[in-house]
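Trainee: please work out how this folds:
(one chain, ligands or ions: 1)
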Amino acid sequence: MRDGLWKRSRSFRQAIGSTLHYQPLTLRDGRQRLRQDPSLARAAFEEVLRFESPVQTFFRTTTRAVEVAGVRLGEGEKILLFLAAANRDPRRWEDPERFDITRKASGHLAFGVGIHGCVGMAVARLEAEIVLGLLARKVEAIELAGEPERRFNNTLRGLARLPVKLRPA
Ligand code: HEM
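Mentor: Residues are numbered from 1 along each chain as shown. Below you'll find the predicted structure:
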């Protein structure tokens, strides 16, 4: 169980890495706004989850024959769900390729959904709010100190390396 949770926490670390990645690159005034209004930390994290989708895909197995969006599926079939694609579906999101922390990103599928939805989502959200809130208050600037490196994985999207320099507030 502990081992499983540790592995799960990799998606959290990747999400935090992505959050910092977007902070220096796209939120130049974001930290300033976060400092004035720490409640934005939650919205910023939700938008990173929507935009980056740390868990890109997930399998399900049908327990009975079913029709989904006009497609008939038999019993016991493997279905690959593209959570990341749903999170940028233009039928659901306005201008989905735009990263915007003021967007209402709740309703994204980065944590999955239903009976097997992520059991750690509340912990992940709490941790992110604490980390981002602290960074907003204690750090004046976050600068890239080298090229970020992607971690290659068929399912998880995140960074292997994110060299940053922090300037204290
Ligand atoms: C940003 C961080 C995280 C992301 C994006 C994430 C994402 C996901 C996704 C997509 C699933 C599959 C949901 C489904 O099948 O519908 C999942 C399941 C799960 N997650 Fe997370 N997760 C994160 C953090 C965590 C943390 C911190 C924990 C533990 C403390 C955790 C524990 C689990 C467990 C135990 C499951 C399996 C639930 C089940 O099969 O019933 N996750 N997570």
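
Trainee: where along the chain do the helices fall?
Mentor: Applying DSSP state H to the chain gives helices spanning 2-26, 30-36, 40-52, 83-86, 121-138.

Trainee: how far does the fourth one sit from the chain's center?
Mentor: Taking Cα atoms, centre = their mean, to the nearest Å, the mean C-alpha location of helix 83-86 is offset from the chain mean by 11 Å.

Trainee: could you check it and say which residues are buried?
Mentor: For helix 83-86, burial by neighbour count (16 or more other Cβ atoms under 10 Å) applies to L83, A84, A86. No exception for glycine: its C-beta is placed from N, CA and C like everyone else's.

Trainee: the residue lying closest to the first one once chain neighbours are set aside: neighbouring residues, count only.
Mentor: With Cβ to Cβ, 6 or more residues apart in numbering as the measure, L109 is the residue that lies nearest to L83, at 4.6 Å, once sequence neighbours are left out. A count of nearby residues for L109, using other Cβ atoms under 10 Å, gives 21.

Trainee: same check on the one 10 residues further on?
Mentor: Each residue near V119 was counted by other Cβ under 10 Å, and the total is 11.

Trainee: output the lowest mean pLDDT helix or strand found in the chain.
Mentor: Sorting the helices and strands of the chain by mean pLDDT, DSSP states H and E puts helix 2-26 at the bottom, at a mean of 62.

Trainee: residues from this protein in reach of the ligand?
Mentor: When proximity is defined by Cβ under 6 Å from any ligand atom, the chain lies next to the ligand at 5, 8-9, 11-12, 15, 54-55, 58, 83, 110-114, 116-120, 123-124.

Trainee: give me the neighbour count for R103.
Mentor: By the criterion of other Cβ under 10 Å, R103 has 19 neighbours.

Trainee: thinking again about what came up before, give the contact list for the residue nearest to L83.
Mentor: S53, L83, A86, N87 (Cβ atoms under 8 Å, 6 or more residues apart in numbering).

Trainee: re earlier: any idea which of the helices of the chain is most buried?
Mentor: Of the helices of the chain, the one with the most neighbours on average (mean count of other Cβ atoms under 10 Å) is helix 40-52, at a mean of 23.

Trainee: looking at the helices of the chain, which is closest to E147?
Mentor: Ranking the helices of the chain by proximity to E147 (Cβ to Cβ) places helix 2-26 first, at 11.2 Å.
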